[in-house]
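Peer 1: show me the folded form of this:
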Amino acid sequence: MISPETSTTESTTTGLSSPLHQFEIHPIFDLNIWGYDLSFTNASAFMIATVLGTLLLLNISIRNKRLVPSRGQAAGEMLYELIAHMLKDSAGKESVRYFPFVFSLFLFILGANLLGMIPYSYTVTSQIIVTFSLAMMVFILITLVGIVKHKARFLTYCVPKGVPKLLLPLIIPIELISYLSRPISLAVRLFANMMAGHIMLKVLAGFTVIMGIWGIAPIAINVGLTLFEVMVALLQAYVFTVLTCLYLHDALHLH
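Peer 2: Residues are numbered from 1 along each chain as shown. Here you go, the predicted model:
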């Protein structure tokens, strides 16, 4: 087993750091309350930066509203219409009341993904605890919506229509496991995609440094992969939101 000291020495010698180093959480200032570690970390800082940056850009896009929109206003309106139509088409008109939550969720994930593409920044969506927290928020909200609307009838979600009674002992556990696994699949999908992409970029950047003047090919590949990773950042925010809308549809309308 390689000790941390050996690993650090090797990284210093080669001029490279581990591709996993970019995911480490470091405290900016320590805070301990009643035995609980509530330190403010680099992850906390970038989550706040994501929220403030998103609010700032939205504020700029709507500050000077025009009949013929500027580029910023057009971008803001496009995002608004995208999520509004997605929610309405996926979950029906009744789901419009949940638009603020879905829109905020989309903007936070999109902002965190794109902010993490800036060199020397931190990608908070590469942390499983962050993505799992977001997924659990969605899961709890959807479950509460289903219970409030359907009361005890919400339990029939695990009983699809048209299933023969003889198959119910098999179908009900499958449906229940599928329902309970939703936050896990949501969290892992976002976390794994963002983490894998950043590791790949870091590894290829290391090859570029090692090859020196012969690193033209890795540089070209890195540029292409960076553009691809930006597309992945956009796509993962979109997929997370689409699945949220579909889960909301199931809670509102059952099977």
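Peer 1: how many residues are close by Ala152?
Peer 2: Burial of Ala152, expressed as a neighbour count using other C-beta atoms under 10 Å, amounts to 7. C-beta: built from backbone N, CA, C; applies to glycine.
Peer 1: what of Phe191?
Peer 2: So Phe191, with other C-beta under 10 Å, has 21 neighbours.
Peer 1: look up the closest residue to the spatially most central residue of the chain, ignoring the ones flanking it.
Peer 2: For the chain, the residue lying nearest the average C-alpha position, counting by C-alpha atoms, centre = their mean, turns out to be Ile109 (4.4 Å). Beyond its immediate neighbours in the sequence, the residue positioned closest to Ile109 (C-beta to C-beta, 6 or more residues apart in numbering) is Ala237, lying 4.2 Å away.
Peer 1: which residues touch Thr54?
Peer 2: Residues near Thr54 by C-beta atoms under 8 Å, 6 or more residues apart in numbering: Leu107, Phe108, Gly111.
Peer 1: tell me how far Tyr80 lies from Ala152.
Peer 2: For Tyr80, the distance to Ala152 under the criterion C-beta to C-beta, to the nearest Å works out to 37 Å.
Peer 1: nope, Gly53 is what I was after
Peer 2: Computed as C-beta to C-beta, the Gly53 to Ala152 distance reads 44 Å.
Peer 1: same thing with Ala196?
Peer 2: For Ala196, the distance to Ala152 under the criterion C-beta to C-beta works out to 43 Å.
Peer 1: equivalent analysis for Ile25, please.
Peer 2: When C-beta to C-beta is the yardstick, Ile25 and Ala152 sit 43 Å from each other.
Peer 1: using the three-state scheme, assign the residue lying closest to Leu254 once chain neighbours are set aside.
Peer 2: Spatial nearest neighbour of Leu254, excluding adjacent residues (C-beta to C-beta, 6+ apart): Tyr157 at 5.4 Å. Reduced to three states with DSSP: H, G, I helix; E, B strand; the rest coil, the structure at Tyr157 is helix.
Peer 1: residues contacting Tyr157?
Peer 2: For Tyr157, the contact set (C-beta under 8 Å, 6+ apart) comprises Gly146, Glu175, Tyr179, Asp250, Leu254, His255.
Peer 1: point out where this structure drops to low pLDDT.
Peer 2: Along the chain, the model assigns pLDDT under 70 to residues 1-17, 68, 209, 211-215, 217, 255.
Peer 1: and the longest helix anywhere in the chain, which residues are buried?
Peer 2: Among all segments of the chain classified by DSSP state H, the helix with the greatest residue count is helix 216-253. Neighbour counts over helix 216-253 (16 or more other C-beta atoms under 10 Å) mark 218, 221-222, 225-226, 229, 232-233, 236-241, 243-245, 247-252 as buried.
Peer 1: brilliant, that's me finished.
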